[in-house]
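Undergrad: give me a model of this one.
(one chain, ligands or ions: 1)
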Amino acid sequence: MTPTDDRTPTTRDRAPNRARFCYFRDQTPLSDTQLARARSALATVRSFMDLQKELEGDDFVTVSPLWTKVTDYAAGLVAGEKDALERLRFLSWPFSGISLLHMSTRPEVIGGQTDYTDPDAALAQFEARGLDLEMTHALDAAEQFSSILPITLPRQMGEVGWLGPHGVVNLDTIAFSERVAVMAEFGAIQRVMQQTPRQIVVEIGGGFGGLAYILKRALPGLQYVIVDLPSSMAFSAAYLSAMMPDARIAFFDGRTETAPDEEYDFLFVPHYAWDDLVQFLPRADLGLNTLSFAEMTEAQVDGYGRGLADLLPPDGLLFEQNFDDRRRGGLNVPDILSRHLKDVSPADLGPILRGVPKLWAPKPN
Ligand SMILES: C[S@@+](CC[C@H](N)C(=O)[O-])C[C@H]1O[C@@H](n2cnc3c(N)ncnc32)[C@H](O)[C@@H]1O
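TA: Take a look at the predicted model:
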């Protein structure tokens, strides 16, 4: 798989005080092929959105209040408008809580009406502030691991920040670095490093597709399944179709899209088709869920836990990282997953900023 942005900066570029800020004007515009792939994916996602409306009322289909209308402002993206696709990463802040336009996680800074027409005017202040310690570490780490598992994202679709090897480093990639380091510490990445048979990863709640991109770039043989609300899948399906132009993209909803190409690289599945997917997949070697089970309904997490218990082989794993979200009207995920799966988390890892990491395995029969 060829990453779309493989310019590796020289050591001079990477020296902290020389690191280059990558603005929106520094983006590589989407090629006609990338645009066509994103739009083709969105046409299918829109049909999933329509079908979801018809299925409304079912316990598993009904979206939790924490995810209702969250991305409604992105109608232009869902429609496949070029300007919106070129700015997808500015629009994807609800997934991580990080806004690239504001370089912030603070709701009072991010909230409100935002004008995305000239992002560079807002970004200039962040370049002027220079690199902080965390970003310097992130650039160093991206450089050290650039040949194994680079945690950078391509300089396209609105990815702005500091230029590292193969792409950009910013607050989102810092979050992915932490997550990937914990997954490696837990043995979850090692679990899917074997190449034959092709390993199947099932990520539930894939956000804009950033973790999928990073893992698939490092382990190109993976078959990567994303299960998500269609409104969020608009982001991940458009992003991954465009950013991985050689990847085989497939869709499955057990109704209109029923027989995906078996050699798919990415399989996109609307949440309402979860039970059909459990019947369809041969197995799931690794399940993933970060910062999302806690924001779903109990019926949904229970359904995902039950389905994963069916799909995981005896040595299969689910890596999950969530907060106890009961204060916000969300869930304490382990209470529900433990009905179906066994907690096999290694000992306490110390302070982790982005949720409590946990590892689950199928219960022995
Ligand atoms: C806070 S975002 C987290 C995204 C990503 N995992 C991350 O850590 O950056 C929550 C994700 O869960 C998804 N989600 C919410 N309800 C869902 C459901 N019932 N089934 C599948 N995904 C769901 C959202 O669409 C979104 O992609």
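
Undergrad: count the residues that sit near S177.
TA: Residues within reach of S177, counting by other Cβ atoms under 10 Å, total 20. C-beta here means a position set from N, CA and C on the backbone, and glycine is covered the same way.

Undergrad: residues contacting it?
TA: A138, A141, A142, I151 (Cβ atoms under 8 Å, 6 or more residues apart in numbering).

Undergrad: between these, which is nearest the ligand?
TA: Of all those, I151 has the smallest distance to the ligand: 13.4 Å, by Cβ to the nearest ligand atom.

Undergrad: from the ligand, how far off is the nearest residue to that closest one once chain neighbours are set aside?
TA: Nearest residue to I151 in three dimensions, chain neighbours excluded: S177, at 4.5 Å (Cβ to Cβ, 6 or more residues apart in numbering). Per Cβ to the nearest ligand atom, to the nearest Å, S177 is found 13 Å from the ligand.

Undergrad: tell me the confidence at F235?
TA: In this model, F235 is scored at 98, pLDDT.

Undergrad: nearest residue to it other than its sequence neighbours?
TA: F208 (4.3 Å).

Undergrad: can you tell me the centre-most residue of the chain?
TA: G209 (3.3 Å; Cα atoms, centre = their mean).

Undergrad: give the contact list for that one.
TA: I226, F235, S236, A237, Y239, L240, M243.

Undergrad: let me see the backbone angles for the nearest residue to R179 once chain neighbours are set aside.
TA: Residue nearest to R179 in three dimensions, not counting chain neighbours: T290, with 6.1 Å by Cβ to Cβ, 6+ apart. The phi and psi values for T290, taken as degrees, to the nearest 10, are phi -130, psi 130.

Undergrad: pairing partners for T290 in the sheet, please.
TA: Counting by DSSP bridges, T290 is bridged to Q321.

Undergrad: what's the end-to-end length of stretch 65-78?
TA: For stretch 65-78, the first-to-last residue distance is 21 Å (Cα to Cα, to the nearest Å).

Undergrad: for the stretch 251-365 of the chain, what lies in contact range of the ligand?
TA: Applying Cβ under 6 Å from any ligand atom, we find that the stretch 251-365 of the chain lies next to the ligand at H271, T290, L291, S292, E295, M296, Q300.

Undergrad: do I have it right that the fourth one meets G205?
TA: Yes - S292 lies in contact with G205 (Cβ atoms under 8 Å); the separation is 3.1 Å.

Undergrad: out of the two, which sits in the busier spot?
TA: Between S292 and G205, counted using other Cβ under 10 Å, S292 has the larger neighbour count: 29 against 24.

Undergrad: please determine whether stretch 74-83 lies in contact with the ligand.
TA: No - residues of stretch 74-83 are not located near the ligand by Cβ under 6 Å from any ligand atom, the shortest gap being 12.0 Å.

Undergrad: list the buried ones in that stretch?
TA: Buried residues in stretch 74-83, counted by 16 or more other Cβ atoms under 10 Å: A74, L77, V78, G80.

Undergrad: do the same with stretch 232-247
TA: 232-244, 247.

Undergrad: out of those, which are inside helices?
TA: S232, M233, A234, F235, S236, A237, A238, Y239, L240, S241, A242, M243 (DSSP state H).

Undergrad: which one among those residues gets closest to the ligand?
TA: Of those, the one sitting nearest to the ligand (Cβ to the nearest ligand atom) turns out to be S232, at 3.1 Å.

Undergrad: what's the neighbour count on the closest residue to the closest one other than its chain neighbours?
TA: Residue nearest to S232 in three dimensions, not counting chain neighbours: T71, with 6.4 Å by Cβ to Cβ, 6+ apart. Counted by other Cβ under 10 Å, the residues lying close to T71 total 19.

Undergrad: same thing with V182?
TA: 21.

Undergrad: residues making contact with stretch 69-82?
TA: Residues from elsewhere that reach stretch 69-82, judged by Cβ under 8 Å, 6+ apart: 30, 35, 38-39, 42-43, 45-46, 49, 83-85, 88, 91, 94, 231-232, 234-235, 238.
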